[in-house]
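**Student:** Turn this into a model:
(chains A, B, C and D)
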Number of protein chains: 2
Amino acid sequence: MTDATPPSLKALAAAMGLSSATVSRVLSGQAERYRISSGTRDRILANARSSGLVVDHLARSLRLRRTLTIGFVAPDISDSFFAALARHVERSARRHGYSLLVADTADDPVAETQALTLMLDRHVDGLILAPVGTPASHLPLARLAQRPCVLVDRLSPELAVPAITADHRRGAELAVQHLIERGHRRIACIQGRPGSYPSDERVAGWRAALRRGGLACGADLLFGAGDSAEAGRAAASALLAREPRPTAALVLGDRLSIGVLQALQQAGLTIPADLSLVAVEDQPWTGVVSPPLTTISQPVAELGSQVIELLLERIAGQRSMRLPRTLPVHLIERASVRELSGDPGSGPARACGAEP
Amino acid sequence: MTDATPPSLKALAAAMGLSSATVSRVLSGQAERYRISSGTRDRILANARSSGLVVDHLARSLRLRRTLTIGFVAPDISDSFFAALARHVERSARRHGYSLLVADTADDPVAETQALTLMLDRHVDGLILAPVGTPASHLPLARLAQRPCVLVDRLSPELAVPAITADHRRGAELAVQHLIERGHRRIACIQGRPGSYPSDERVAGWRAALRRGGLACGADLLFGAGDSAEAGRAAASALLAREPRPTAALVLGDRLSIGVLQALQQAGLTIPADLSLVAVEDQPWTGVVSPPLTTISQPVAELGSQVIELLLERIAGQRSMRLPRTLPVHLIERASVRELSGDPGSGPARACGAEP
DNA sequence: TTGTAAGCGTTATCAC
DNA sequence: GTGATAACGCTTACAA
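**Tutor:** Below you'll find the predicted structure:
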């Protein structure tokens, strides 16, 4: 019982009559490489263990210029998607000996810059970033470029780094297709924050699928501007007031869906009788509301492991020119879409497009 | 445009013909204290800015023995409660110049130890901990004791550190009281993971309130063993099969609630006609299921700010002997509780207690 | 008012 | 096989 406070590497070396160099070599698993005699090696290992020695990570980091820490910067870590992502990322990071620094930007460029600066100051070995928005001019790009970085869920044309996202565009297309097949012709969209990559992509998908079906996709069918439940409620109210009323809507976010459901309840309307819905963002609860919601689901776990894998590759120095990778999404059919009568094959509808 | 790579403090000092000491003093805001001439101070500040110098946080941490980093260790950071908590904690931490390291233990002692070790290795200045379970023997207690630490959401009798939790016990009591007032006499409980502080406290509250009302609270009314939706489904099935069937149930967790709703749907039963429910854990979605769920809500934001405030106090060296602080919860009445006929004042029921 | 120098605890490069 | 020693980049007595 002679374990007061664990000694430093140097202290232990002194106590054993060895040089700190030798102890360091053994403790960093370089015994072989430096041909340390197995005798001293074992003595060192034994003493280190019994004294509770832990090599100072700070000093080592300073010397090695690597901290075994990575940063995760997201717009909202309490959002179920990013929270789940963070969980997977942390788990795999830890499995590789890395710790995870997180920051929540609240989709605010100032906060993002601040958070990023804090992380870069702390010498993270790499960064996982879901950047706020399109004009990336506020970011400390020069410093950012110094460290390996990967984007997740969002792209940023101005940031020349690899990205992994779910196929948001295809998700929206799947949803619209599903609605068209069930006879819907007037299909609205409740978007999130315009300018955010996932929302813009989904809107594009919605538009493309409608256009392909020869259906209207004008601005009078596009609602919403924000990710909150409140925004969803407002958008839904506007939608319900529109004449002629759409028979179906895509809702581009789980918070939004909550607002939409509130608005419908309040208006005394029911799904799918009065309005069919496809919620883009599957959640545990989307299956237990009534009616259970038909949703688009993205592979969060897969995103998490791919993103960390990619980042670690880059930290290891591989400049693998992996293209922006998009992961497949799928539609979960439940009961929020009404089957309309009529021939779903082809329907007469006003054309849609930029040009008249 | 002479900004290749930002210089180190030392380099800049050399370039300016000053000693690194002087530059250090200015850059750490100690100019006053050391009575640096305002001339040199301004020159230094100017050069530092224009050259993009950032003082090396690692070196400073090594010297100062403080990293301006705190750790947050929770059983499940994708859980909406902990995710929200993490968000608030990170935000206030950053406001104070601290970064947040997070780890997810998945309620596994081994993972907890590993995560904690990683953080202690990285010299976090303090820790926010929602410990896994009762036998805390696996924790690196000696090392833990070295750093300021506060508990959140959970207590651990073996960890002699301050804690901040919501008043889980009172929450369950409120729920039971609410049910009793509406004429319920046979009130079941679907618990979470036995041994976890919140679940045990809530079960205790449930039991206490029933006993106070002279109602049964035996083991035949207690269901569940786990926090997942799956566990909730299983517990609900068992509950529905029990004879005589309870008229109401407390559900101690939002994941569990999802499972319970699934089970009821599947059995073709409706709330509150067939079973009244109070969900302990309010969530955005609990208001939009049908019927909207009556819930117990805890003040997450308040928990977050209090916990960080307390931790920073302790990091600053104040050994404030604040008692374990519990924050008030409240009941949100919606529509999942049926009003039963009968005199709610006092009902004949089998007694409840440990002794027969 | 500023400089010198001794750390903080490692690891890498030479020596022997 | 092992040991000096010089970094890594900063802070802070102690001088001057």
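
**Student:** Can you tell me the closest non-neighbouring residue to whichever residue of the stretch 151-300 of chain A sits closest to DNA strand C?
**Tutor:** Nearest residue of the stretch 151-300 of chain A to DNA strand C (CB to the nearest atom of the strand) works out as A:Val161 at 27.6 Å. Every C-beta, even on glycine, is put in place using the N, C-alpha and C of the backbone. Distances taken as CB to CB, 6 or more residues apart in numbering or on different chains place A:Cys149 nearest to A:Val161, at 4.8 Å, with adjacent residues excluded.

**Student:** which residues does the one you found bridge with?
**Tutor:** Beta-bridge pairing for A:Cys149 (DSSP bridges): A:Leu127.

**Student:** Share the number of residues neighbouring it, please.
**Tutor:** 24 (other CB atoms under 10 Å in any protein chain shown).

**Student:** which other helices and strands contact the lowest-mean-pLDDT helix or strand in chain A?
**Tutor:** Ranked by mean pLDDT, DSSP states H and E, the weakest helix or strand in chain A is helix A:141-145, scoring a mean of 89. Counting contacts by 3 or more CB pairs under 8 Å, 6 or more residues apart in numbering or on different chains; DSSP states H and E, helix A:141-145 packs against helix A:109-121.

**Student:** Please save the CA atoms from the helix it packs on in CSV.
**Tutor:** C-alpha atoms of helix A:109-121 as CSV (Å, rounded to 0.1, in the frame of the first residue of the first chain):
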residue,chain,number,x,y,z
PRO,A,109,-22.9,31.0,-37.9
VAL,A,110,-21.5,32.8,-35.0
ALA,A,111,-21.9,29.9,-32.7
GLU,A,112,-20.5,27.6,-35.3
THR,A,113,-17.3,29.7,-35.7
GLN,A,114,-16.9,29.9,-32.0
ALA,A,115,-17.4,26.2,-31.5
LEU,A,116,-15.0,25.3,-34.3
THR,A,117,-12.4,27.7,-32.9
LEU,A,118,-12.6,26.1,-29.5
MET,A,119,-12.1,22.7,-31.1
LEU,A,120,-9.2,23.7,-33.3
ASP,A,121,-7.6,25.4,-30.3
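
**Student:** Pull out the buried positions in it.
**Tutor:** A:Pro109, A:Ala111, A:Glu112, A:Gln114, A:Ala115, A:Leu116, A:Leu118, A:Met119, A:Leu120, A:Asp121 (16 or more other CB atoms under 10 Å in any protein chain shown).

**Student:** quick revisit: for the residue of the stretch 151-300 of chain A closest to DNA strand C, which residues are in contact?
**Tutor:** Neighbouring residues of A:Val161 by CB atoms under 8 Å, 6 or more residues apart in numbering or on different chains: A:Leu129, A:Cys149, A:Val150, A:Leu151.

**Student:** can you pull out the helices in the stretch 101-250 of chain A?
**Tutor:** Remark: helices assigned in the stretch 101-250 of chain A by DSSP state H, counting those that start in this stretch are A:109-121, A:141-145, A:168-181, A:197-212, A:229-241.

**Student:** Of all those, which one is nearest B:Leu62?
**Tutor:** B:Leu62 lies closest to helix A:109-121 among the helices of the stretch 101-250 of chain A, at 14.1 Å (CB to CB).

**Student:** Just the mean pLDDT for that closest one, thanks.
**Tutor:** Helix A:109-121 comes out with an average pLDDT of 96.

**Student:** Tell me if it is near chain B.
**Tutor:** Yes: applying CB under 8 Å from any CB of the partner chain, one finds helix A:109-121 touching chain B at A:Ala111, A:Gln114, A:Ala115, A:Leu118, A:Met119, A:Asp121.

**Student:** I'd like to know how far the residue in the stretch 101-250 of chain A that chain B sits nearest to sits from A:Gly71.
**Tutor:** Taking CB to the nearest CB, chain B has its nearest neighbour within the stretch 101-250 of chain A at A:Asp121, 4.5 Å off. A:Asp121 is 11 Å from A:Gly71, where distance means CB to CB, to the nearest Å.

**Student:** on that earlier part again, tell me which residues in the least confident helix or strand of chain A are buried?
**Tutor:** Of the residues in helix A:141-145, A:Arg143, A:Leu144 count as buried by neighbour count, 16+ other CB under 10 Å.

**Student:** ok so, going back, which members of the buried residues of helix A:109-121 are the farthest-apart pair?
**Tutor:** Taking CB to CB, no two of those sit farther apart than A:Pro109 and A:Asp121, at 18.4 Å.

**Student:** In chain A, where is pLDDT below threshold?
**Tutor:** In the predicted model, chain A carries pLDDT under 70 at residues A:1-3, A:134, A:320-323, A:342-356.

**Student:** rewinding a little: which of the contacts of A:Val161 sits closest to DNA strand C?
**Tutor:** Nearest to DNA strand C among the contacts of A:Val161, counting by CB to the nearest atom of the strand, is A:Cys149 at 24.4 Å.

**Student:** Okay, and A:Arg338 sits in which element?
**Tutor:** Assigned by DSSP states H and E, A:Arg338 belongs to no helix or strand.

**Student:** Could you look up the SS state of A:Arg334?
**Tutor:** Of the three states, A:Arg334 takes coil according to DSSP: H, G, I helix; E, B strand; the rest coil.

**Student:** For it, which non-adjacent residue is closest in space?
**Tutor:** Leaving aside its sequence neighbours, A:Arg334 sits nearest to A:Pro292 (CB to CB, 6+ apart; 3.8 Å).

**Student:** list the contacts for that neighbour?
**Tutor:** Here A:Pro292 is in contact with A:Thr286, A:Arg334, A:Ala335, A:Ser336 (criterion: CB under 8 Å, 6+ apart).

**Student:** which of those residues sit farthest apart?
**Tutor:** Using CB to CB, the two most remote members of the contacts of A:Pro292 are A:Thr286 and A:Ala335, lying 11.0 Å apart.

**Student:** circling back: return only those of the buried residues of helix A:109-121 found close to DNA strand D.
**Tutor:** On the criterion CB under 7 Å from any atom of the strand, none of the entries of the buried residues of helix A:109-121 sits beside DNA strand D.

**Student:** Which parts of chain A belong to which domain?
**Tutor:** As given by automatic domain parsing, the domain ranges for chain A are A:9-55, A:65-166+A:300-328, A:168-298+A:331-346.

**Student:** how about these in JSON lines, adding distance to B:Ala235?
**Tutor:** As requested, the domains of chain A are exported to JSON lines (distance: least, CB to CB, whole Å):
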{"stretch": "domain A:9-55", "distance to B:Ala235": "43"}
{"stretch": "domain A:65-166+A:300-328", "distance to B:Ala235": "23"}
{"stretch": "domain A:168-298+A:331-346", "distance to B:Ala235": "15"}
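
**Student:** related to what we said a few turns ago, redo the helices of the stretch 101-250 of chain A as JSON lines? Include distance to DNA strand C.
**Tutor:** Below are the helices of the stretch 101-250 of chain A laid out as JSON lines (distance: least, CB to the nearest atom of the strand, whole Å):
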{"stretch": "helix A:109-121", "distance to DNA strand C": "17"}
{"stretch": "helix A:141-145", "distance to DNA strand C": "23"}
{"stretch": "helix A:168-181", "distance to DNA strand C": "43"}
{"stretch": "helix A:197-212", "distance to DNA strand C": "40"}
{"stretch": "helix A:229-241", "distance to DNA strand C": "50"}
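
**Student:** okay, these in CSV with distance to A:Ser276 next?
**Tutor:** Converted to CSV, these look like this (distance: least, CB to CB, whole Å):
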stretch, distance to A:Ser276
helix A:109-121, 37
helix A:141-145, 44
helix A:168-181, 7
helix A:197-212, 14
helix A:229-241, 12
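
**Student:** Enumerate the residues of chain A near DNA strand D.
**Tutor:** When proximity is defined by CB under 7 Å from any atom of the strand, chain A lies next to DNA strand D at A:17-22, A:34-37, A:39-41, A:59, A:62-63, A:65.

**Student:** Now restrict the residues you listed to buried residues only.
**Tutor:** Neighbour-count burial (16+ other CB under 10 Å) is assigned, among the residues of chain A next to DNA strand D, to A:Leu18, A:Thr22, A:Ile36, A:Thr40, A:Arg41, A:Ala59, A:Leu62.
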